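1. Sharing a sequence plus its predicted fold:
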Amino acid sequence: MDTQPFIRIENVTKTFGEEVAVNNLSLDIGKNELFSLLGASGCGKTTLLRMIAGFEKPTSGRIIIDGVDLTNIPPFERPVNTVFQSYALFPHMTVEQNVAFGLKQEKTPKSEIEDRVASMLKMVELEGMRKRKPHQMSGGQRQRVALARALIKLPKVLLLDEPLAALDKKLRERTQFELVNIQELTGITFIMVTHDQEEAMTMSSRIGVMNAGMLQQVGTPSQIYEYPHSRYVADFIGEANIFEGILQKEDESNAYIECRELGQDFSIKRHDFAENNAPVAVMIRPEKMRITLEEEISDELNSVAGTVKDIAYLGDMSIYHVELESGRVLQASQLNFQHTAERKITWGDEVLLYWHPDNAVVLAQ
Ligand code: ATP
């Protein structure tokens with residue numbers, strides 16, 4: 001990321017009457033990023049996007065793009081374009097006319113329009129469909145027309161509001177890669193709003209997780225997944241086993257958690273956030289818990305015994321719900337490759353769960 005942020009959102013608040021949709025939010029986004037705003041319905045992500053586009057005015061705060069304060073600049077004069085969830089294509093116009101629309105409005109010379117439309121359609125791989133109308137195309141193709149139409153004016157920033165929501169799962173996955181490729185090809189900054197965590201994880205350079213008008217955490221997909229700062233983020237992204245306990249530090253790098261829910265103590269490595277003796281919440285992802293029928297001898301790993309209560313078979317992997325003696329149920333997931341040495345784990349089995357102290361993350365909030 002450039003040292004100088006390309007987009008700077010400075011203490012932005014937006015209220016609608018009593019409702020605070022965006023609450024004193026600050027965020028820097030670098031050029032060339034594909035940044036995702038991720039959060040549950042009503043968390044304020046669309047409102048933030050609409051303020052960047054200029055469709056809403058912040059109640060307070062500033063938005064700066066490439067060094068220019070946009071506060072008093074109307075939407076059509078901003079170096080920003082939006083791809084809406086509905087695509088908002090003109091139904092009576094052909095693909096070509098839809099894509100050319102913005103340049104025509106600007107009275108760009110005809111030959112230049114033709115060249116630019118041709119190269120845009122090539123980029124989104126719709127050269128063969130230039131004469132079709134939107135209703136003669138699939139959802140994925142319409143999505144690409146909307147993208148071409150938004151990109152042709154070479155905005156500095158492209159805003160995407162749930163751009164893949166209308167597509168089925170397979171097509172959505174393919175289109176995710178296409179969008180990332182187009183972002184890399186054009187070097188335009190993309191800001192995408194989504195409530196789909198998988199989509200945000202697959203596509204983004206960084207993700208901002210929003211809740212109640214505020215950013216809970218900003219980071220790369222792996223930072224957000226591996227080291228969530230809060231319970232909210234740990235729970236929102238992926239599955240998480242979360243325990244309450246008391247942190248006991250041994251030295252700089254070792255500590256353990258006194259944990260009633262587990263009925264025993266367990267070791268952890270990372271505890272930078274919390275004080276000694278403090279009550280903390282600790283997260284362990286289900287795939288970081290190894291489930292076995294046989295005891296393993298290890299000084300390093302934590303382990304706890306339980307009984308398999310439920311198994312969700314997902315094809316490539318299974319998720320085991322294991323009840324401990326304390327009554328607490330933990331989730332452990334395992335890839336389904338062929339084990340010849342060990343018999344398959346099934347309902348009612350007495351099992352052991354093992355995890356490495358490195359994989360237990362103390363949540364700061
Ligand atoms: P979704 O994923 O459902 O679109 P969101 O995270 O994009 O949700 P916003 O649309 O930004 O959420 O809405 C944030 C809050 O502001 C909501 O409580 C919403 O009801 C409120 N809100 C948004 N727009 C307006 C408006 N024009 N008038 C009044 N309240 C609004």
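-> Cool, got the structure.

2. Identify the residue spatially nearest to Glu258, adjacent ones excluded.
-> Leaving aside its sequence neighbours, Glu258 sits nearest to Ile246 (CB to CB, 6 or more residues apart in numbering; 4.4 Å). Every residue, glycine included, has its C-beta placed from N, CA and C.

3. tell me the SS of the one you found?
-> strand (DSSP: H, G, I helix; E, B strand; the rest coil).

4. and it, what is it in contact with?
-> Residues near Ile246 by CB atoms under 8 Å, 6 or more residues apart in numbering: Ile257, Glu258, Asn277, Ala278, Pro279, Val280.

5. can you do 10 Å?
-> By CB atoms under 10 Å, 6 or more residues apart in numbering, Ile246 lies in contact with Tyr256, Ile257, Glu258, Cys259, Arg260, Asp265, Ala274, Asn276, Asn277, Ala278, Pro279, Val280.

6. need the contact list for the last one.
-> Contacts of Val280 were listed using CB under 10 Å, 6+ apart, and they are 243-247, 255, 257, 259, 268, 271, 273-274, 362-364.

7. same thing with the first one?
-> Residues counted as contacts of Tyr256 (CB under 10 Å, 6+ apart) are 245-250, 264-268, 271, 302, 357, 360.

8. returning to that earlier point: how much space is there between the residue nearest to Glu258 and Ile268?
-> For Ile246, the distance to Ile268 equals 12 Å [CB to CB, to the nearest Å].

9. Which neighbours do those two have in common?
-> The overlap between the contact sets of Ile246 and Ile268 (CB under 10 Å, 6+ apart) consists of Tyr256, Ile257, Val280.

10. Just name the closest of these to the ligand, please.
-> Nearest to the ligand out of these is Val280 (CB to the nearest ligand atom; 29.5 Å).

11. what about the residue in the stretch 51-200 of the chain positioned nearest to the ligand, how many residues close to it?
-> The ligand sits closest to His195 of the stretch 51-200 of the chain, with a gap of 5.1 Å, by CB to the nearest ligand atom. Number of residues near His195 (other CB atoms under 10 Å) recorded here: 18.

12. and it, how far is that from Ala150?
-> Counting by CB to CB, the gap from His195 to Ala150 is 21 Å.

13. what does Gly315 give?
-> Relative to Ala150, and taking CB to CB, Gly315 is found at 37 Å.

14. Quick one: name the residues of the stretch 51-200 of the chain near the ligand.
-> Taking CB under 6 Å from any ligand atom, the part of the stretch 51-200 of the chain that reaches the ligand is made up of His195.

15. Tell me which strands the host helix or strand of Phe266 pairs with, and in which orientation.
-> Using DSSP states H and E, Phe266 sits within strand 264-268. Partner strands and pairing direction for strand 264-268 (DSSP bridges) are strand 255-259 (antiparallel).

16. I'd like the distance from the partner strand to the chain centre, please.
-> Mean-position distance between strand 255-259 and its chain equals 31 Å (CA atoms, centre = their mean, to the nearest Å).

17. what do you get for stretch 250-265?
-> The chain centre lies 31 Å from the centre of stretch 250-265; the measure is CA atoms, centre = their mean.

18. Likewise for stretch 84-97?
-> Taking the mean of its C-alpha atoms, stretch 84-97 sits 28 Å from the chain's own mean (CA atoms, centre = their mean).

19. Next: stretch 14-34.
-> From the chain centre to the centre of stretch 14-34 is a distance of 16 Å (CA atoms, centre = their mean).

20. Can you see whether it contacts the ligand, counting any residue in it?
-> Yes. Judged by CB under 6 Å from any ligand atom, stretch 14-34 and the ligand are in contact via Phe16, Glu19, Ala21.

21. related to what we said a few turns ago, residues making contact with the strand holding Phe266?
-> 243, 245-250, 253-259, 280, 282, 284, 300-305, 324-326, 355-362.

22. pLDDT weak spots in the protein?
-> In the prediction, the chain carries residues with pLDDT under 70 at positions 1-3, 270-273, 338-343.

23. Where do the domain boundaries of it fall?
-> What automatic domain parsing lists as the domains of the chain is 7-236, 241-363.

24. Perfect, I'm done here.
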